[in-house]
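Q: Below: sequence and its predicted model.
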Amino acid sequence: MGGLARRANAIEAVRRERADVLLFDGGNCWWGAPGLSRQSQARLNVEAMNLMEYHAMALGASDLALGEVALSERIAEADFAVLSANVFVPTRGELLGRPYVVLEVSGRRIGVIGITASSVVTTTLESGSLPTMDPYPGSVVSGASRLGTWINDDLVVLDPGRGLQRYAGKLAESADIIVVLSNLGWPANVELAGRVSEVDLIISAGAAADLQTKPWQAPSGVWLCQAGVSGQKRPGEMLAEVYLSVDGSGHITQARGSQTVLSPQMKNNSRIIELFQRYRGQ
């Protein structure tokens, strides 16, 4: 399970040192290699994340393999925000998850937006093939801008840049800092950083040459760090930390990062082990 039991202990250690901690996942954490995750349709994953008190996660491309019905059930079971500003359910005429959430820590309002990649695409939509309703109500769109990709015949992944632009503008009115959880991969997230001026930090997951936990500031002023890499040898066995210094105006003045390798030598969390045992006994 990618070091879930070790991750829980590592997170507890960080929280013992600091009170101003937000815990996120960049996505692709619900549906991976065959095992308890698939057997439980990610129920185990959601329960484990509830125990670890996650604040938010972005839906990833592989998570969408669960399908709309199972995903909706898992979202309802999660005690944390499950985010995607660009996964649309045509039959319901609405986004699958919440596009964003506003959290408060140390007196700051942190707006968090989720962005989903579409690497498990089955069909590319043609212009006009989406329902006539606008997936982003109140915005001005053309037929071409509604292009997306079908996933499992019940979900559509819309253009991520447009979803981000839509909700970053709204969040700027209520949040001091805007963070994006995106599994588009490092190159695409670097490009995305130049498109939305309201964003302060992009936590990138997905395709990348290596972990970029040392935050990098784009020419636009947006900070980026790579907190996960698709295809790494032991998925989920890396805990990335990003520390932000924020001035009185709500601007990030400094960002630094570190990473913890959740090696097999680390102690397992007893609550997560008990959770595994319960699912193995079912």
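A: Happy to help now that I have it.

Q: counting contacts, what elements does the top helix by length along the chain pack onto?
A: The longest helix of the chain (DSSP state H) is helix 4-17. For helix 4-17, the packing partners by 3 or more CB pairs under 8 Å, 6 or more residues apart in numbering; DSSP states H and E come out as helix 43-51, strand 238-246, helix 270-280. In short, each C-beta sits where N, CA and C put it, glycine included.

Q: What is the subsequent helix or strand relative to the second one?
A: Okay, so that is strand 238-246. strand 252-261 (DSSP states H and E).

Q: Surely E237 and L262 touch.
A: Yes. At 4.5 Å, E237 and L262 qualify as touching, with contact defined as CB atoms under 8 Å.

Q: Show me whatever sits in contact with both of the two.
A: G3, R6, R7 (CB atoms under 8 Å, 6 or more residues apart in numbering).

Q: Relative to R166, which of those is nearest.
A: R7 (32.6 Å; CB to CB).

Q: out of the helices and strands packed on helix 4-17, nearest to S182?
A: strand 238-246 (13.9 Å).

Q: buried sites along that closest one?
A: For strand 238-246, a neighbour-count test (16 or more other CB atoms under 10 Å) marks M238, L239, A240, E241, V242, L244, V246 as buried.

Q: Show residues contacting that strand.
A: Counting by CB under 8 Å, 6+ apart, 7, 10-11, 14, 108, 176-177, 201, 203, 211, 213, 215, 225-228, 232, 252-262 sit against strand 238-246.

Q: quick one, strands of the stretch 151-282 of the chain?
A: Secondary structure of the stretch 151-282 of the chain (DSSP state E, counting those that start in this stretch): strands at 155-158, 177-182, 201-204, 212-217, 223-226, 238-246, 252-261.

Q: list the helices and strands the longest one packs on?
A: Right, strand 252-261. Using 3+ CB pairs under 8 Å, 6+ apart: strand 252-261 touches strand 212-217, strand 223-226, strand 238-246.

Q: what separates the second one from the chain centre, distance-wise?
A: If I follow you right, that is strand 223-226. Centre-to-centre, strand 223-226 and its host chain are 13 Å apart (CA atoms, centre = their mean, to the nearest Å).

Q: Against which helices or strands is that strand packed?
A: Strand 223-226 packs on helix 186-193, strand 201-204, strand 212-217, strand 238-246, strand 252-261, going by 3+ CB pairs under 8 Å, 6+ apart.

Q: Quick one: residues in contact with it.
A: With CB under 8 Å, 6+ apart, strand 223-226 has contacts from 186, 189-190, 193, 200-205, 208, 210-218, 240, 242, 252, 255, 257.

Q: I'd like the mean pLDDT over that strand, please.
A: Throughout strand 223-226, pLDDT has a mean value of 90.

Q: and if you look at the first one?
A: Mean pLDDT, computed over strand 212-217, is 77.

Q: what about the stretch 151-282 of the chain, any weak spots by pLDDT?
A: 151-152, 209-213, 228-236, 282 (pLDDT under 70).

Q: ok, now with 80
A: Within the stretch 151-282 of the chain, the ranges that satisfy pLDDT under 80 run 151-153, 207-214, 228-238, 282.

Q: With the stretch 1-150 of the chain instead?
A: Those would be 1-2, 32-34, 118-150, if you go by pLDDT under 80 across the stretch 1-150 of the chain.

Q: what about 50?
A: Scanning the stretch 1-150 of the chain with the threshold set as pLDDT under 50 gives 1, 120-133, 137-146.
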